[in-house]
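Q: pasting the structure only:
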């Protein structure tokens, strides 16, 4: 499956989808906030997956955002940690 198709499927199949990097402090803050809200969410750790770089490229095409975390709720692009906190 091509990276763009895989990224889109992850977005489509999960009510809350977070694309993250395990070492990123903003990603950790996002995941903590979602856990504190008792939200059910899926995380794709780009730095832990062999196709992470390609998925990040695909996310830039989909959302015009290359940075992480990259958050989607209800298949809608929310943005990053500061957007989620707002």
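A: Ah, there it is. Computed from a predicted model, the values in this text were never measured in an experiment.

Q: Spatially central residue for this protein, please.
A: residue 19 (2.2 Å; C-alpha atoms, centre = their mean).

Q: what's that one sitting at in phi/psi?
A: Taking degrees, to the nearest 10, you get phi -100, psi 130 for the backbone angles of residue 19.

Q: which residue sits closest to it in space, ignoring its chain neighbours?
A: residue 70 (4.2 Å; C-beta to C-beta, 6 or more residues apart in numbering). Every residue, glycine included, has its C-beta placed from N, CA and C.

Q: tell me the contacts of that neighbour?
A: For residue 70, the contact set (C-beta atoms under 8 Å, 6 or more residues apart in numbering) comprises 18, 19, 59, 63, 77, 79, 80.

Q: Helices of the chain, start to end?
A: 3-13, 25-36, 52-63, 81-85 (DSSP state H).

Q: For these, please prepare CSV with the additional fields mean neighbour count, mean pLDDT and distance to residue 44.
A: What follows is those, written out as CSV (neighbours: other C-beta atoms under 10 Å; pLDDT from 0 to 100; distance: least, C-beta to C-beta, whole Å):
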stretch, mean neighbour count, mean pLDDT, distance to residue 44
helix 3-13, 16, 98, 6
helix 25-36, 16, 98, 11
helix 52-63, 17, 98, 7
helix 81-85, 15, 92, 16
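
Q: With that, I have no additional questions.
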